[in-house]
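Peer 1: below: sequence and its predicted model.
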Amino acid sequence: MGKIPCPLPCQSKKQSTYIHSDSSSSSALSSQPSLPSVPSLTPPSPQTQLFSNICASTFKAHSSIFCLSITGKQFYTGTSNGEILLCNIDLLNQQNNPIVVAQSTSSVKSIVISGDKLFSAHQDHKIRVWKIDTYDQTYKCIATLPTLNDRCMRLFSAKNYVEVRRHKKCTWVHHVDTVSALALSSDGSLLYSASWDRTFKVWRTSDFKCLESVWNAHDDAINAIALSKNGYVYTGSADMRIKVWKREEGEKKLHTLVATLEKHKSAVNALALSTDGSVLYSGACDRSIIVWEKDSGGNGKMVVSGALRGHTKAILCLAVVADLVCSGSADKTVRIWKKGIGKGYSCLAVLEGHNGPVKCLTAALDNNSSKTKDDSGCGSSCVVYSGSLDCDIKVWKIWVPCL
């Protein structure tokens, strides 16, 4: 497999180099510290696998998988060669290849879906908007953000320009480096984009207008963004920090910084929130997943509860479904964690099968499963989707009994 034009996720953006998708990254990612100062939330001794899991299907793509997104009975994936692929969940048990529904000239870093629109983030600094025609299953690119109208409106006023590097300026609506992550507000009215240019931006989904740009939000590339239903925005960066932002009510409704979370000792690559927004999970190159919980004092602050350990290399992606946390790593495995009574967590299983770093994850409850409860009347079933730099998308059907 050829070189993947993807910077090493555990390095500063300024120091990034181009790597092979497996062997070159493996040695570098394993050399990071493992946060001995943060207490472990998992038992010190390895546990046996507590539930059954099956790799239900493997889909083959032509290039590395960078992102995954589920909507209804379909899931989309974005690849390093600019393809957006579609798979039908109902056909998981059949041998079928993903369908290429859209093609661009730049790697796809993130995908989100809102109604009949698909938003994709790209390495060429752009966000593309695709209109989905469900009748004939066509995908048409209807806009590229920032839009031409947005750019033209700001061309002639000096106050609309920011310095992006020494002696170079551009208007504040532009991203000037890879757009690494996208997220939608709970009502779907706002699209958030995070970038390696150290900014995150807010776009209105109705007309694609850029409403705000938080410039120099971090000291290095932003790799991840997560939104809570109560208006908090979390950004994770190669500067080893997680920042918490709140959208202020008022005439301008701009975001202000309310907290900076500092515990990781290397680049933060992934963020995920519990369903109720009370727990934040962060994954980094230090091989640990830090668990942050809301302070019991009722002030909304997040404090460290502990760390989930087990991966032998960098954490690259996280997903939460019900009371399960799924983590993907440069060690080529997916781990499934379950929160128990109190603050403890159990690592229920290690899913093996990928031949390259696991770059993206998503998960959903399996409501169609014939096995939804065990003999005691409890338990759950879910499906985990994992995408890797080995060009494979694997689908895991998992049954989790009550513990």
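Peer 2: Happy to help now that I have it.

Peer 1: so for stretch 353-366, mean pLDDT?
Peer 2: What stretch 353-366 shows for mean pLDDT is 93.

Peer 1: which helix or strand in this protein has the lowest average pLDDT?
Peer 2: strand 18-19 (a mean of 25; mean pLDDT, DSSP states H and E).

Peer 1: need the contact list for Val202.
Peer 2: 190-192, 210-213, 255 (C-beta atoms under 8 Å, 6 or more residues apart in numbering). Yep, even glycine has a C-beta here, placed from its N, CA and C like the rest.

Peer 1: can you get me a residue count around Ser37?
Peer 2: 9 (other C-beta atoms under 10 Å).

Peer 1: before we move on, the earlier item: nearest to Leu318, of the contacts of Val202?
Peer 2: Tyr192 (17.2 Å; C-beta to C-beta).

Peer 1: my guess is Leu324 contacts Ile336. True?
Peer 2: Yes. Using C-beta atoms under 8 Å, Leu324 is in contact with Ile336, at 6.0 Å.

Peer 1: so these two - more neighbours on which side?
Peer 2: Ranked by neighbour count (other C-beta under 10 Å), Leu324 and Ile336 place Ile336 first, with 25 against 19.

Peer 1: in its sheet, what does whichever strand or helix holds that one sit against?
Peer 2: In this assignment (DSSP states H and E), Ile336 forms part of strand 334-339. According to DSSP bridges, strand 334-339 has the following sheet partners: strand 324-329 (antiparallel), strand 345-351 (antiparallel).

Peer 1: tabulate those strands (CSV), appending distance to Trp399.
Peer 2: Listed next are the strands paired with strand 334-339 as CSV, based on distance: least, C-beta to C-beta, whole Å:
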stretch, distance to Trp399
strand 324-329, 12
strand 345-351, 11
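
Peer 1: hey, which of the ones you listed is tucked in deepest?
Peer 2: strand 324-329 (a mean of 25; mean count of other C-beta atoms under 10 Å).

Peer 1: quick one: secondary structure of Asp187?
Peer 2: On the three-state scheme (DSSP: H, G, I helix; E, B strand; the rest coil), Asp187 is labelled coil.

Peer 1: now do Lys159
Peer 2: helix.

Peer 1: now Cys152
Peer 2: Secondary structure for Cys152, judged by three-state DSSP, is helix.

Peer 1: so Lys313 touches Asp286, yeah?
Peer 2: No. If you go by C-beta under 8 Å, Lys313 and Asp286 don't touch, sitting 10.4 Å apart.

Peer 1: work out the gap between the strand holding Ile336 and the centre of the chain.
Peer 2: 17 Å (C-alpha atoms, centre = their mean, to the nearest Å).

Peer 1: show me what Trp337 is bridged to.
Peer 2: Listed by DSSP bridges, the beta-bridge partners for Trp337 are Val325, Cys347.

Peer 1: which residue sits closest to Lys229 in space, ignoring its chain neighbours?
Peer 2: Ser186 (4.7 Å; C-beta to C-beta, 6 or more residues apart in numbering).

Peer 1: count of neighbours near the one you found?
Peer 2: Quick note: Ser186 (other C-beta under 10 Å) scores 12 neighbours.

Peer 1: shared neighbours, Leu324 and Ile336?
Peer 2: With C-beta under 8 Å, 6+ apart as the test, Leu324 and Ile336 both reach 348, 400.

Peer 1: and Ser296, which of the three is it?
Peer 2: coil.

Peer 1: what about the helices in the stretch 101-250 of the chain?
Peer 2: Along the stretch 101-250 of the chain, counting by DSSP state H, counting those that start in this stretch, helices occupy 148-153.

Peer 1: give me the below-cutoff pLDDT ranges for it.
Peer 2: Counting by pLDDT under 70, the stretch 101-250 of the chain shows low-confidence ranges at 158, 165-167, 250.

Peer 1: how many neighbours does Thr275 have?
Peer 2: Using other C-beta under 10 Å, Thr275 has 11 neighbouring residues.

Peer 1: what pLDDT is listed against it?
Peer 2: 88.

Peer 1: ditto for Thr17
Peer 2: Thr17 is assigned 27 on the pLDDT scale.
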